[in-house]
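Participant: only geometry, no sequence info:
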């Protein structure tokens with residue numbers, strides 16, 4: 001299996017990207033097609049002591065910066081590592097694409113170059129988030145700020161397939177974010193989406209979920225529009241960082257609290273690992289015609305390696321094919337009617 005990576009995308013490129021790729025070659029048994037400036041990649045490999053075994057370089061002379069306007073950058077920077085990588089994916093030079101670069105440019109480029117599966121107009125950004133009971137998939141997390149009810153219904157199908165095929169969750173529970181559990185709650189679009197999801201035979205819909213219940217992991221797939229999802233995601237990240245940051249001064253207060261910390265040290269390590277977003281690696285652009293994974297812009301080597309792991313699992317589980325079949329089956333009764 002060959003995974004295409006954007007070697008120049010992200011805050012820590014190319015070093016963290018290349019190290020993560022090298023680790024993936026060793027641990028996951030994949031081949032890597034690294035897209036970017038050959039000189040920069042080779043210098044990074046020499047600096048890190050990476051032999052580039054299993055890593056092929058596909059030259060690209062430009063880089064899309066985080067500050068670039070996404071659509072314009074995709075159109076004008078045609079020799080950027082992101083655009084060249086997506087074209088290579090569309091041409092079948094690899095099985096999946098992973099980038100820690102601009103989210104907007106990746107979304108636009110995926111829609112224009114890789115295209116989407118039948119029944120999906122625009123891919124949705126989905127993120128696996130650590131939860132109290134279990135991890136959950138939040139989608140959309142920012143790719144589609146405004147969504148129609150039919151899009152939210154499709155998100156439920158795509159998210160359910162992903163959690164089953166990649167995360168190994170049997171019969172995932174799908175819920176719709178709302179300001180109350182009752183079917184009558186929410187905007188007209190959300191009320192319509194609730195009815196579509198409720199009647200959707202391809203998923204196990206458990207109804208509305210209030211924001212306070214989202215972090216518990218009460219649902220495996222949490223569906224919402226991109227604006228709402230992005231707010232939930234950033235609030236969750238900020239709150240988790242704040243709470244963890246408050247723990248250290250509590251335990252360092254005096255000798256007794258320091259001794260108490262030593263008693264629960266192992267448990268704290270397990271908790272930290274459970275809540276570590278780097279373990280999940282990245283966010284898939286679900287609905288794309290081929291697997292595309294968006295790694296966090298500040299990804300370290302561990303996070304990028306795990307983003308490649310996600311890409312591998314998507315390919316092995318035929319996530320795109322299963323998603324397409326489910327969406328086609330869902331649309332069939334509508335066409336017959």
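Facilitator: Done, it's in. Computed from a prediction, not measured in an experiment: that's the story for all the values here.
Participant: what are the buried residues along the helix or strand where residue 58 lies?
Facilitator: Taking DSSP states H and E as the definition, residue 58 sits inside strand 55-59. Buried residues in strand 55-59, defined by neighbour count with 16 or more other C-beta atoms under 10 Å: 55, 57, 58. The C-beta positions use only the backbone N, C-alpha and C, and glycine is treated the same way.
Participant: and the last one, bridged to which residues?
Facilitator: So that's residue 58. Beta bridges link residue 58 to residue 35 when assigned by DSSP bridges.
Participant: my guess is residue 208 contacts residue 178. True?
Facilitator: Yes. Assessed by C-beta atoms under 8 Å, residue 208 is found in contact with residue 178 at 3.9 Å.
Participant: hey, what's in contact with both of the two?
Facilitator: Residues touching both residue 208 and residue 178 by C-beta atoms under 8 Å, 6 or more residues apart in numbering: 185, 186, 194.
Participant: any figure for the gap between the first one and residue 140?
Facilitator: Relative to residue 140, residue 185 is positioned 20 Å away (C-beta to C-beta, to the nearest Å).
Participant: neighbour-wise, which of these two wins?
Facilitator: Neighbours were tallied for residue 185 and for residue 140 using other C-beta atoms under 10 Å; the higher tally belongs to residue 140 (29 against 15).
Participant: let me know whether that one touches residue 221 as I believe.
Facilitator: No. With contact defined as C-beta under 8 Å, residue 140 does not reach residue 221; the gap is 11.7 Å.
Participant: could you pull up the residues touching the spatially closest residue to residue 65 that is not a sequence neighbour?
Facilitator: Nearest non-adjacent residue to residue 65, counting by C-beta to C-beta, 6 or more residues apart in numbering: residue 102, 7.3 Å away. Each residue near residue 102 by C-beta under 8 Å, 6+ apart is listed here: 9, 64, 65, 66, 68, 70, 73, 82.
Participant: of the buried residues of strand 55-59, closest to residue 149?
Facilitator: Residue 149 lies nearest to residue 58 out of the buried residues of strand 55-59, by C-beta to C-beta, at 40.7 Å.
Participant: wait, what's in contact with that closest one?
Facilitator: 4, 33, 34, 35, 36, 84, 85, 88, 93.
Participant: swap the cut-off to 7 Å and go again
Facilitator: Shown in contact with residue 58 (C-beta atoms under 7 Å, 6 or more residues apart in numbering): 33, 34, 35, 84, 88.
Participant: count of neighbours near the closest residue to the second one other than its chain neighbours?
Facilitator: This means residue 34. Computed as C-beta to C-beta, 6+ apart, the closest residue to residue 34 that is not its neighbour in sequence is residue 7, at 4.3 Å. A count of nearby residues for residue 7, using other C-beta under 10 Å, gives 32.
Participant: roughly how far does residue 7 sit from residue 16?
Facilitator: 10 Å.
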